[in-house]
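>>> Please work out how this folds:
(one chain, ligands or ions: 2)
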Amino acid sequence: MKLQNTKEGYGFIAIALHWIVALGFLGAYVAVYYRHWFSEGEFSMTELNSNMVSLYLHMSFGISIAVFVVLRILWKIANKAPEDVPGGSRLEHSAAHGMHWALYLAMIVMPLTGYMGTKLDTNFFFLFDIPKFNDTALYSIIVEQWLATTWEQFESVVDAIHKFSGAYLVWLLIVMHAGAAVFHHVVRKDAVLKRMAPWVK
Ligand code: HEM
Ligand code: HEM
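Ligands and ions are numbered 1, 2, ... in the order given. Prediction:
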């Protein structure tokens, strides 16, 4: 397999980045829903109990996604996407491209709003601490000087976007996107899924 995309299909780097980011999303979702559903309500934020472990894992997966998304966007700029798989109407091709743009938006907005809206330093996979946004110089430039607002007001808006998008919109996008890939493979029996998942028979 080539490293770069060709006219016919995705190269190794685009495929690897796609699945690393998809696993990152899975990790972030499993961690945050483990916390919501199975972790005790009463907890101390200064101890590493299961509640804080799952929150730190959520934040660590989210920040890792941000790193890979930056690489992915740079790679997308440097390397042209393959041509559409033949077959399918113009509307279907446009819908698929629209979905890809929406997923890129989700990949940018989710880690950003997650990081900017949290009051905690991120204990990155229990290796080192990443300072929270409101301890950074960028915070004072953006929030205090440019937006001229308080942390409470800023956090409530950013947190609402993060939680609403994470709990509803992004789920919907991923399910529709993965559903379309399975539909192509099972019903259309074309190369759409195999181009991104070459191990699929
Ligand atoms: C692609 C990345 C991310 C996704 C898909 C994601 C998704 C979510 C979801 C689904 C929720 C629960 C919403 C709800 O039902 O209330 C949530 C909550 C939260 N996220 Fe993220 N998130 C991501 C990245 C981040 C990052 C990078 C951070 C911080 C560094 C972060 C911090 C938080 C916090 C503090 C909460 C509230 C915790 C809680 O309610 O238990 N997230 N996120
Ligand atoms: C089980 C889950 C998933 C499956 C089965 C899947 C499958 C696919 C397939 C088959 C393609 C190629 C489509 C084409 O050639 O037109 C693709 C592309 C793409 N997927 Fe996924 N995907 C999954 C999860 C995700 C997630 C979680 C994201 C991001 C949040 C994502 C973002 C994208 C993007 C942006 C593209 C366009 C190609 C690119 O720029 O890298 N996918 N996916």
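>>> does any part of the helix or strand encompassing Leu26 sit near ligand 2?
Assigned by DSSP states H and E, Leu26 falls within helix 12-38. Yes. Helix 12-38 is in contact with ligand 2 by CB under 6 Å from any ligand atom, via Ala14, His18, Val21, Ala22, Phe25. All C-beta spots, glycine's among them, are computed from the backbone N, C-alpha and C.
>>> Contacts only, for the closest residue to the second one other than its chain neighbours.
Looking back up the chat, that one is His18. Leaving aside its chain neighbours, His18 sits nearest to Met196 (6.0 Å; criterion: CB to CB, 6 or more residues apart in numbering). Met196 makes contacts with Tyr10, Ile15, His18, Ala181, as judged by CB atoms under 8 Å, 6 or more residues apart in numbering.
>>> Give the buried residues for the helix or strand hosting Phe164.
Taking DSSP H and E as the criterion, Phe164 maps to helix 151-164. Neighbour counts over helix 151-164 (16 or more other CB atoms under 10 Å) mark Phe154, Glu155, Val158, Asp159, Ile161, His162 as buried.
>>> helices and strands around it, which ones?
If contacts are counted by 3 or more CB pairs under 8 Å, 6 or more residues apart in numbering; DSSP states H and E, helix 151-164 sits against helix 90-116.
>>> and the helix or strand following the helix it packs on, which residues are buried?
Scanning forward in sequence from helix 90-116 by DSSP H and E, the next helix or strand is strand 122-124. Residues of strand 122-124 classed as buried: Thr122, Asn123 (neighbour count, 16+ other CB under 10 Å).
>>> Is strand 122-124 positioned near ligand 1?
Yes. Counting by CB under 6 Å from any ligand atom, ligand 1 is contacted by strand 122-124 at Thr122.
>>> Now do the top helix by length along the chain against helix 12-38: the angle between them, please.
When the chain is parsed with DSSP state H, its longest helix is helix 50-78. Angle, helix 50-78 to helix 12-38, by axes from the mean of the first three to the mean of the last three CA atoms, to 10 degrees: 160 degrees.
>>> Distance check, the residue nearest to the spatial centre of the chain against ligand 2.
Among the residues of the chain, the one closest to the centroid is Met107, at 3.8 Å (CA atoms, centre = their mean). Taking CB to the nearest ligand atom, to the nearest Å as the measure, Met107 falls 5 Å from ligand 2.
>>> and the closest residue to Met45 other than its chain neighbours, how many neighbours does it have?
Leaving aside its sequence neighbours, Met45 sits nearest to Met52 (CB to CB, 6+ apart; 6.5 Å). If you count neighbours by other CB atoms under 10 Å, Met52 ends up with 18.
>>> next one: the one 10 residues further on
By the measure other CB under 10 Å, the count of residues near Gly62 is 25.
>>> again, but for the one 5 residues further on
By other CB under 10 Å, 13 other residues sit near Val67.
>>> same deal with the one 3 residues further on?
Residues near Val70, counting by other CB under 10 Å, number 13.
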